[in-house]
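Enquirer: Sequence first, then the predicted structure:
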Amino acid sequence: MSDPKKHHYLPVFYLAKWASASGKVVRYYRPHLKVVASPITPQHTGYELGLYGLDGYVPDVCNSIEKNFMAPIVDDPAARALAVLIERNNAKLTTELRQAWTHFVMSLHVRSPAKVKQITRQAQNELRQSLSVNPEEYEAVRGALDPPTLVEWVEQNALPLLDNYGKQLLPSIITHTETRDAVIRMRWWTIGITEDFPDFLLGDRPVYMSHGVMDERCFIAVPLSPKYVFFATRKQEIFNRVMSYGIKSVTKSLNNLYVMQADQQVYAASDRHLRFVENRLERCRGETK
């Protein structure tokens, strides 16, 4: 079997919840000036080639984060958790499934192309600073033809070390114990809507989180399908306050947030959201699958 080169930041099992009977979702994006709505299969969107790929390695190692972590450790268990959440059967929501869903939510928070680039850039800067500490140690072993600093030596001889550092941190960020446990301890709800309209949209950055997970005011909302949304809060009163506005108002507010925080793409079960998305999706600086 060939190594996975399509790194899905919106996994197929997740996108498929918005698919019609034809097996396609409606993808909203702005290729030029105007937003267009185009049907597409989940397998052919929500990915970037080599998004988590490690430079300078053979394909088996290059795609190891997608092949050995994202797919089997994050996405496969999350698919089972998603089914239980939509079923709204708390008796089936085991500790293992709560952990699986938490890892998935944490992954959605950091695995979009823009976020991966941000993490990579930040990690590079931190690694450069680390390599600049104690310059006398490098000076003691520096050869006559070596560059003046260790950072320059790495840039000339081991550049993939800088390029890959942030991507290699992704698994530890996603499975960070304190963050995971804080989310697992929250109160969880699956809220459904029965009306034909509105329905939940799915942006390419689908996690809404107010405040940090350690903050008492934290509120997490993740769409599960066009008709269901996942909520997590640290306090019951936070949930009650949100729901006091009514589900239609909450749905519209969440859709507004999902579209406005999207980088480039929004997905839906139909094309009737075109005007809504047009008024909220920022202009793209390039196209992602």
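Expert: Sure, I can see it. It should be emphasised that the depicted structure is a prediction, and the values quoted were computed from it without experimental measurement.
Enquirer: Would you map the helices across this protein?
Expert: Per DSSP state H, the chain carries helices over the ranges 12-15, 59-62, 64, 76-87, 95-110, 113-131, 135-141, 150-157, 159-174, 177-184, 236-243, 247-261, 274-278.
Enquirer: To residue 5, which of the ones you listed lies closest?
Expert: Nearest to residue 5 among those is helix 59-62 (8.1 Å), distances taken as C-beta to C-beta. Any C-beta I mention is one placed from the backbone N, CA and C, and that applies to glycine too.
Enquirer: Which positions in that closest one come out as buried?
Expert: Neighbour-count burial for helix 59-62, counted by 16 or more other C-beta atoms under 10 Å, picks out residue 62.
Enquirer: Check the offset of it from the chain's centre.
Expert: How far helix 59-62 lies from its chain's middle: 22 Å, per C-alpha atoms, centre = their mean, to the nearest Å.
Enquirer: again with stretch 216-223
Expert: In terms of C-alpha atoms, centre = their mean, the centre of stretch 216-223 is set 15 Å apart from its chain centre.
Enquirer: Could you export that stretch as PDB, CA atoms only?
Expert: C-alpha atoms of stretch 216-223 as PDB (Å, rounded to 0.1, in the frame of the first residue of the first chain):
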ATOM      1  CA  GLU A 216     -13.900  28.500  34.300                       C
ATOM      2  CA  ARG A 217     -15.600  30.400  31.400                       C
ATOM      3  CA  CYS A 218     -14.500  27.900  28.800                       C
ATOM      4  CA  PHE A 219     -17.100  27.000  26.200                       C
ATOM      5  CA  ILE A 220     -16.400  24.600  23.300                       C
ATOM      6  CA  ALA A 221     -18.600  24.000  20.300                       C
ATOM      7  CA  VAL A 222     -17.900  21.600  17.500                       C
ATOM      8  CA  PRO A 223     -20.400  20.700  14.800                       C
END
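Enquirer: Could you give the average pLDDT over that stretch?
Expert: Summarised as a single mean, pLDDT over stretch 216-223 is 97.
Enquirer: Mind listing what's buried along it?
Expert: By neighbour count on 16+ other C-beta under 10 Å, the buried set for stretch 216-223 is 218, 219, 220, 221, 222, 223.
Enquirer: for stretch 53-60, same thing?
Expert: By 16+ other C-beta under 10 Å, the buried positions in stretch 53-60 come out as 53, 54.
Enquirer: Same question for stretch 18-34.
Expert: Neighbour counts over stretch 18-34 (16+ other C-beta under 10 Å) mark 18, 19, 24, 25, 26, 27, 28, 29, 30 as buried.
Enquirer: Ends of that stretch, what's the gap?
Expert: One end of stretch 18-34 to the other measures 23 Å (C-alpha to C-alpha, to the nearest Å).
Enquirer: And the contacts of that stretch?
Expert: Residues from elsewhere that reach stretch 18-34 (C-beta atoms under 8 Å, 6 or more residues apart in numbering): 15-16, 35-42, 45, 202, 225-226, 264-271, 273-274, 277-278, 281, 283-284, 287.
Enquirer: in the protein, what secondary structure element scores lowest on mean pLDDT?
Expert: Least confident helix or strand, the chain: helix 59-62 with a mean of 88, by mean pLDDT, DSSP states H and E.
Enquirer: ok, then the element right after that helix?
Expert: helix 64 (DSSP states H and E).
Enquirer: Quick check: the residue nearest to the spatial centre of the chain vs residue 242, distance?
Expert: With distances taken as C-alpha atoms, centre = their mean, the residue of the chain nearest its centroid is residue 108 (2.2 Å). Going from residue 108 to residue 242 by C-beta to C-beta, to the nearest Å gives 20 Å.
Enquirer: Residue ranges in the stretch 151-289 of the chain under the pLDDT threshold?
Expert: 196-197, 284-289 (pLDDT under 70).
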